[in-house]
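# Just the structure for this:
(4 chains)
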Number of protein chains: 2
Amino acid sequence: MILKLVDHIKKHVELNSADIENISNSFTIKTFAKKGHLLKESQLCEESYFVIKGCLRLYSICQDDKEQIIQFSIENWWMADFRSFENGAKSIYNIQALEDSVVAVLHRGNQSELFEKVPQLEKYFRIIFQNAYSASLWRINHIFCKTGAERYYQFIKLFPEFVQRIPQYMLASFLGLTPEFLSILRAKKNRHIS
Amino acid sequence: MILKLVDHIKKHVELNSADIENISNSFTIKTFAKKGHLLKESQLCEESYFVIKGCLRLYSICQDDKEQIIQFSIENWWMADFRSFENGAKSIYNIQALEDSVVAVLHRGNQSELFEKVPQLEKYFRIIFQNAYSASLWRINHIFCKTGAERYYQFIKLFPEFVQRIPQYMLASFLGLTPEFLSILRAKKNRHIS
DNA sequence: CGGTCTCTTGACGGAGTTCAAAGCTAGTGG
DNA sequence: CCACTAGCTTTGAACTCCGTCAAGAGACCG
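Predicted coordinates for the structure are as follows:
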């Protein structure tokens, strides 16, 4: 199980067998049933998750109990409220499994010790976060420059297989649209095809 | 000059005098006049900037020559198209000085050598990017959950001194609004005060 | 001063939301 | 194996926030 994580790390930095041993000892494997929660608002985010199998979502509760989805994570992606995880602040987000999922878990308390034993992980996470940061700036640019329709078409073009895995109303939320409006877009697209 | 950068790094990791020497040798100081460009679209982002004094903006050209501002950087913030800087891809952004500015420059070619000499920098940048990533996720959440008016009021509350430094139409762009709409918001606020 | 850049004001329009109701679909239990 | 329910999607009408366009008023800089 942990091999999927080790493989992913190896794509960015070198690891010897002692490193792999240290990593294996610092992570635990957990499974979560569909709809199970990994983190709830106002809690401290004690764990950082690497998705081995399944699908997670990060979301906030805005107002009137409306859920805003910020991020999805599928296989080989990291998920946590890293602000809470790093600084010990209460989280403003929730994390939930959208499918039965298997994740590699790094506990807050184990991070600094592991990073001292395997300093390459600092580089690994530096690259992970650098990419994630770049991607989210691109996303902000996209949100402001494109219409809702354009964002939807772009998403299904870039991640066609992912659209199959999540309900439409969650995709709508992620794109910053209402389910009703996304439904209209789908109807237009279908008319064009048939 | 380079001391401001060293001080900033010291807030996150330990440095001895040899480390400081290595850092000083790897960075150069550059100045840019107001309206000068540090990066233009379709170029490779060869340099990463730490703002010692002044103010920069990162923006893209959307359509009809409209500029979308993605990010501002003032003193003690980093600025670059990190995707282009890291992977050598052509940049889709522009970086411009909004004031006469002094920056510490790390050239692409010097990065890996410097990081090998001063491995704490991997940790430093890991923390910088982790924070930046968390902040941009928060921003995406904010964009979707709040109205334009709410985003404007929040911004001037959080960064009152910053509002003085940039023209209104640039703040409007950064918030994803038109200058006209932001002007109306200001008029409402002023009526309330007087 | 004169011209360019920035901010304001107002009329109009459109992309997307809200609300309500009905149609589907899939999982669950009898 | 079918019926039932709950969750998801669709449809339509009314509405709203905010953008677009156009014009004028300041303000800043050479």
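
# Rounded mean pLDDT for stretch A:80-98, please.
Averaged over stretch A:80-98, pLDDT sits at 97.

# got it, and stretch A:154-161?
Taken as a whole, stretch A:154-161 has a mean pLDDT of 94.

# Which positions within it qualify as buried?
Across stretch A:154-161, burial judged by 16 or more other CB atoms under 10 Å in any protein chain shown covers residue A:155. Quick note: C-beta positions are derived from backbone N, CA and C, even for glycine.

# check whether that stretch contacts chain B.
No: under the criterion of CB under 8 Å from any CB of the partner chain, chain B is not reached by stretch A:154-161; the shortest gap measures 14.1 Å.

# Could you pick out the longest helix of chain A?
helix A:120-145 (DSSP state H).

# helices or strands next to the helix or strand following that one in the packing?
Per DSSP states H and E, the first helix or strand lying C-terminal to helix A:120-145 is helix A:148-158. Secondary-structure packing of helix A:148-158 (3 or more CB pairs under 8 Å, 6 or more residues apart in numbering or on different chains; DSSP states H and E): helix A:120-145, helix A:168-175, helix A:179-193.

# Helix A:148-158 near DNA strand D anywhere?
No: judged by CB under 7 Å from any atom of the strand, helix A:148-158 stays clear of DNA strand D, getting no closer than 11.4 Å.

# next one: stretch A:56-73
No: for stretch A:56-73, no contact with DNA strand D is found by CB under 7 Å from any atom of the strand; the gap never falls below 10.4 Å.

# Quick one: end-to-end distance for that stretch.
Terminal residues of stretch A:56-73 are spaced 5 Å apart (CA to CA, to the nearest Å).

# any idea how far it is from the chain center?
Chain-centre distance of stretch A:56-73: 12 Å, with CA atoms, centre = their mean, to the nearest Å.

# Not counting its own residues, what contacts the helix or strand harbouring residue A:163?
Using DSSP H and E, residue A:163 sits within helix A:160-165. Among residues not part of helix A:160-165, those counted as contacts by CB atoms under 8 Å, 6 or more residues apart in numbering or on different chains are A:55, A:72, A:74, A:98-99, A:155-156, A:171.

# Check the residues you listed for burial and list the buried ones.
Neighbour-count burial (16+ other CB under 10 Å) applied to these gives A:55, A:72, A:74, A:98, A:155, A:171.

# which pair in these spans the largest distance?
Across those, no pair lies farther apart than A:98 and A:155, at 16.2 Å, counting by CB to CB.

# Give the phi and psi angles for the residue nearest to the spatial centre of chain A, as a check.
What sits nearest the mean C-alpha location of chain A, by CA atoms, centre = their mean, is residue A:73, with 3.0 Å. When read as degrees, to the nearest 10, the backbone of residue A:73 gives phi -130, psi 120.

# show me what contacts it?
By CB under 8 Å, 6+ apart, the contact set of residue A:73 is A:49, A:51, A:55-58, A:79.

# Got the confidence number for it?
Taking residue A:73 on its own, its pLDDT is 96.

# And it, how close does it get to residue A:147?
Separation of residue A:73 from residue A:147 (CB to CB, to the nearest Å): 26 Å.

# Kindly report the same for residue A:17.
Note on residue A:17: its distance to residue A:147, by CB to CB, is 52 Å.
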